[in-house]
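A.B. asks: When you get a sec, could you give me coordinates for this:
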Amino acid sequence: MSAQPKYKYSLEEYLEMDRQSDSRLEYWDGEIFDMSGVNEGHAEIETNLIAYLKPRISPKGCRIFPANMRLKVPSLPPYRYGDTSALCGQAQFEKIAGVDVLTNPALIIEVLSESTESYDRGLKFSHYKSVPSFCEYLLIAQELPHVTHYIKQDERVWNQREYTTLDDVVQLVSVGCEITLRELYENVTFREIKPRLHPLE
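C.D. replies: Modelled structure (predicted):
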C-alpha cells in the first residue's frame, strides 16, 4: 500500500491561515510550520533583548521589533519571522495580503533551539542575505552562554565572532550599542550539558 502524499498548501491558503492565526506560521514549499510556543529560557532572552536594547537605541532614532513582526525576505517569499529585529532610521513596510511586513531590517536576532538551530544557522541565514538592508545577525544559544555574531563586510564576506562568557560584550554596530551576555541571559537557568563519549575502537 502506498503512503498518502502530503498535502501541499497554496501560498493563498497559507496567507489566509497566518492572517487568522495567533501563532507565527511560516511557509516553505507547500508546508506550514508553527514558529510560536517558545519555552521559558527562549522567552526570557527575547524579553531581555527588548528591555535592554530599546532604551539604548531609541534615543538614536532606532527601533526594535518583537518576534511577531513579519520580515520580507525576497528569496523566500512571502515573509519570515525573526525572534527580534532592529534598524536605525525610518522603518519601511509593505502590505502583503493585508498585513504589514518590514522590508528594511538591519539587525536580525534568532534564539536557537534544537529544532531550529541548523535552519537558523544555515538555510534561513542564506535567505536573510537577500534582504538588501540586512547587515548584522545574532544567534543566541539557550543551554549555555554562547552567542554567534555575524557582521557583513561585503556581498560575499561576513565576519564571525563567538562569545562564550557572561562578561563578554557584544558590540551591535548596526544600531550603535552594546549588550553583555549577562544581560542577555538574565533569569535564564542553564541546563547541564553532558559530553558525548565515543567508545574506543
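
A.B. asks: Remind me what the top helix by length along the chain packs against, helices and strands.
C.D. replies: If you go by DSSP state H, the chain has its longest helix at helix 40-57. When contacts are defined as 3 or more Cβ pairs under 8 Å, 6 or more residues apart in numbering; DSSP states H and E, helix 40-57 packs onto strand 62-65, strand 84-88, strand 107-111, strand 177-180, helix 181-184. Where you see a C-beta, it was placed from the backbone N, CA and C, and this is true even at glycine.

A.B. asks: so Ala67, which of the three states?
C.D. replies: Per DSSP: H, G, I helix; E, B strand; the rest coil, the secondary structure class of Ala67 is coil.

A.B. asks: State the distance from the closest residue to it other than its chain neighbours to Lys6.
C.D. replies: Distances taken as Cβ to Cβ, 6 or more residues apart in numbering place Asp83 nearest to Ala67, at 4.9 Å, with adjacent residues excluded. To Lys6, Asp83 is 28 Å away according to Cβ to Cβ, to the nearest Å.

A.B. asks: same check, this time on Glu117
C.D. replies: Note on Glu117: its distance to Lys6, by Cβ to Cβ, is 24 Å.

A.B. asks: what about these two, which has more around it?
C.D. replies: Between Glu117 and Lys6, counting by other Cβ atoms under 10 Å, Glu117 is the more crowded of the two (15 against 7).

A.B. asks: now Leu139, nearest residue through space, not along the chain?
C.D. replies: Per Cβ to Cβ, 6+ apart, closest to Leu139 is Thr148, 4.3 Å.

A.B. asks: what about that neighbour, how many neighbours?
C.D. replies: Neighbour count for Thr148, taken as other Cβ under 10 Å: 18.

A.B. asks: That one is in contact with Glu162, isn't it?
C.D. replies: Yes: with contact defined as Cβ atoms under 8 Å, Thr148 reaches Glu162; the gap is 5.8 Å.
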